[in-house]
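K.L.:
next comes the sequence, and after it the predicted model I'd like to discuss.
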Amino acid sequence: MPGANICAANLSRWQMGAILASQKAMDNFGERAVEYAKQNHPWKNDTGLAEEGLNHTTIPHGWTAIETLVAHGVEWGVYLETREAFCGRYKILDQAVQTELPKLMSDLRDIFGYNILNVRVTSAG
């Protein structure tokens, strides 16, 4: 079919551009979530290590998925997020992710031109 090669090449370019833009949007989301957590964490900084250890990593999984992990970088971070005795007093990761999620969804809508419905959000202590 005439023009099929050109059409396929254009589609491939668009797909690569969308993937790269999505990775950037996810990475920006991670950066914003970490910044939010650093500015709004409920614990008192004694050493500053827990705040300094807040981080994110963005990992592409082929053509179909991109994962951004927002996490603590200190061993005791998991206790700040999950220890029952703290009754959630020191949790920040879920709040940071949920606060920044609407901007991520808007960024993805701008890239693809429609609402993305299959987004899974998790945070790690």
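P.N.:
Right, received. Where do you want to start?

K.L.:
send the alpha carbons of stretch 12-19 over as PDB?
P.N.:
The C-alpha trace of stretch 12-19 is given here as PDB (Å, rounded to 0.1, in the frame of the first residue of the first chain):
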ATOM      1  CA  SER A  12       6.900   4.900  15.400                       C
ATOM      2  CA  ARG A  13       8.400   8.400  15.900                       C
ATOM      3  CA  TRP A  14       5.200   9.500  17.700                       C
ATOM      4  CA  GLN A  15       5.300   6.400  19.900                       C
ATOM      5  CA  MET A  16       8.900   6.900  20.800                       C
ATOM      6  CA  GLY A  17       8.200  10.600  21.600                       C
ATOM      7  CA  ALA A  18       5.200   9.700  23.700                       C
ATOM      8  CA  ILE A  19       7.200   7.200  25.700                       C
END
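
K.L.:
now do the buried residues in it.
P.N.:
For stretch 12-19, the buried set under the neighbour-count rule, 16 or more other C-beta atoms under 10 Å, comprises I19. C-betas here are computed from N, CA, C, even on glycine.

K.L.:
please list the residues outside that stretch that contact it.
P.N.:
60, 63, 66, 111-112 (C-beta atoms under 8 Å, 6 or more residues apart in numbering).

K.L.:
tell me which of these has the lowest pLDDT.
P.N.:
Lowest pLDDT among the contacts of stretch 12-19: W63, with 77.

K.L.:
looking at the contacts of stretch 12-19, which one is closest to I6?
P.N.:
For the contacts of stretch 12-19, the residue nearest I6 by C-beta to C-beta is W63; the value is 21.1 Å.

K.L.:
picking that back up, quick check: the farthest pair among the contacts of stretch 12-19?
P.N.:
By the measure C-beta to C-beta, P60 and F112 form the most distant pair in the contacts of stretch 12-19, at 16.1 Å.

K.L.:
what's the ChimeraX line that selects buried ones from the contacts of stretch 12-19?
P.N.:
Applying 16+ other C-beta under 10 Å to the contacts of stretch 12-19, the buried members can be selected in ChimeraX as follows:
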select :66,111
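
K.L.:
can you list the contacts of stretch 12-19 in TSV and add distance to T82?
P.N.:
Listed next are the contacts of stretch 12-19 as TSV, based on distance: C-beta to C-beta, whole Å:
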residue	distance to T82
P60	28
W63	34
I66	26
I111	34
F112	35
